[in-house]
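Colleague: this is a predicted model, with the sequence first.
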Amino acid sequence: MPGLVLFEGLPGSGKSTSASELAGWMAQGGALVDHWPESRPDHPVDLDQVAVLTDRDRERLGAAGPGWDRILSAVVEPSDGAWLVRSPQDRGLPSALAAALQALEVYDGDIDPEVHGRVLRESWRQFGAAAPPAATQVWECVFIQNPVCAFVARFDRPYDELADHVRSLAETVLDQDPALVYLDPGDPEEALRRAAAERPAAWLDFVVAYHTEQGYGLARGLRGFDGYVEFMRHRRELELTLIADLPIPVHVVETSTTSREESAASIREFARRHLRDTSVPTEGEGGVRPAAG
């Protein structure tokens, strides 16, 4: 059953659990599945831990150290008028150059919002233009969560800009049969408190600072955990509006009123209806293939 299943929802809504369960169920049925959790630097379309350089950035860094122009020429790859360096901290680069590149990473670095959106769209376009993978793709967080974090939390851009970006991502992969599972916890405070209790304190410190000390939160004076909850209420409203106007099938699971078993069953039925049975594997071919690395 080749295709692309996207999992989205607020933190604590159960994206990772639900995506893993669906991938496992499909594999038991004989399908070959590639399951990609969030924050993978080798993701098929996402650019986590990737530095983005404009021509000016490349020229500036190339002249900043001995031999740096030659080094950059060996590690950069073009992307729609910009240059990418993947995982600069793992490339054996001079430490000062690696640090300079990390300061230009696509999700946390000092880059222009327009450049950010452009290189992400190009990455999705390249995936959509290629031959469909033999395995069904199950992706978490890269379709809506990451754009919302960038366009709203970081850059405080207007809704229309975010919506245009996300719709463009969907349109680039229409030939790959994308479908969206959106997990909606209702008012997010309970789910966020549960997630905070289950995850390391460093995670909570990071996400609170991310959503209150830059872009949207900073402009509106959000503070602490309460400010984080307020942002997530705003994010939920944005996302529910956004998914109602997408050119792909969408299945919304209201997790606050649906048991885990009922949610899993409804997601399986949605996947069964959506995915095309055009490549039934022979016995022994099925399986979940978490990416190596």
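Modeller: Structure's in. What do you need?
Colleague: against residue 193, how distant is residue 199?
Modeller: Distance, residue 199 to residue 193, by C-beta to C-beta, to the nearest Å: 11 Å. Bear in mind the C-beta positions are built from the backbone N, C-alpha and C, glycine included.
Colleague: just residue 121 next, same as before
Modeller: When residue 121 is compared with residue 193 (using C-beta to C-beta), they lie 35 Å apart.
Colleague: looking at these two, which is more packed in?
Modeller: residue 121 (18 against 13; other C-beta atoms under 10 Å).
Colleague: report pLDDT for that one.
Modeller: At residue 121, the model reports a pLDDT of 98.
Colleague: ignoring the adjacent residues along the chain, who's closest to it?
Modeller: What sits nearest to residue 121 in space, not counting adjacent residues and going by C-beta to C-beta, 6 or more residues apart in numbering, is residue 168, at 5.5 Å.
Colleague: pull out the buried positions in the strand or helix carrying that neighbour.
Modeller: Using DSSP states H and E, residue 168 falls within helix 159-172. Across helix 159-172, burial judged by 16 or more other C-beta atoms under 10 Å covers 161-163, 165-166, 169-172.
Colleague: closest one of the residues you listed to residue 232?
Modeller: For the buried residues of helix 159-172, the minimum distance to residue 232 (C-beta to C-beta) is 15.4 Å, reached by residue 162.
Colleague: mind listing what the closest one touches?
Modeller: 147-148, 151-152, 238, 242 (C-beta atoms under 8 Å, 6 or more residues apart in numbering).
Colleague: inside helices: which ones of those?
Modeller: 147-148, 238, 242 (DSSP state H).
Colleague: by neighbour count, sort out the buried ones in the residues you listed.
Modeller: 147-148, 238, 242.
Colleague: can you pull the poorly scored residue ranges out of this structure?
Modeller: Residues of the chain meeting the criterion pLDDT under 70: 1, 276-293.
Colleague: how is it carved up into domains?
Modeller: Here the domain parsing of the chain from automatic domain parsing is 4-47+111-288, 51-102.
Colleague: hmm, back to that, what about the helix holding residue 168, distance to the chain center?
Modeller: Distance, stretch centre to chain centre, for helix 159-172: 14 Å (C-alpha atoms, centre = their mean, to the nearest Å).
Colleague: okay, now residue 131: neighbour count?
Modeller: 7.
Colleague: er, residue 15 actually
Modeller: Per other C-beta under 10 Å, the neighbour tally for residue 15 reads 22.
Colleague: which residue is the nearest non-sequential neighbour of it?
Modeller: In space, residue 15 is closest to residue 7, 4.6 Å off (C-beta to C-beta, 6+ apart).
Colleague: the helix or strand hosting residue 261 - contacts with which helices or strands?
Modeller: Residue 261 belongs to helix 260-274 when elements are defined using DSSP H and E. In this structure, helix 260-274 makes packing contacts with helix 15-28, strand 178-184, strand 250-254, judged by 3 or more C-beta pairs under 8 Å, 6 or more residues apart in numbering; DSSP states H and E.
Colleague: out of these, deepest packed?
Modeller: Burial of the helices and strands packed on helix 260-274 is given as mean neighbour count (mean count of other C-beta atoms under 10 Å); strand 178-184 ranks first at a mean of 22.
Colleague: run me through the strand neighbours of that strand, direction for each.
Modeller: Strand 178-184 sits in its sheet next to strand 4-9 (parallel), strand 250-254 (parallel), going by DSSP bridges.
Colleague: any idea which helix or strand comes after that strand?
Modeller: Defined by DSSP H and E, the subsequent element after strand 178-184 is helix 189-198.
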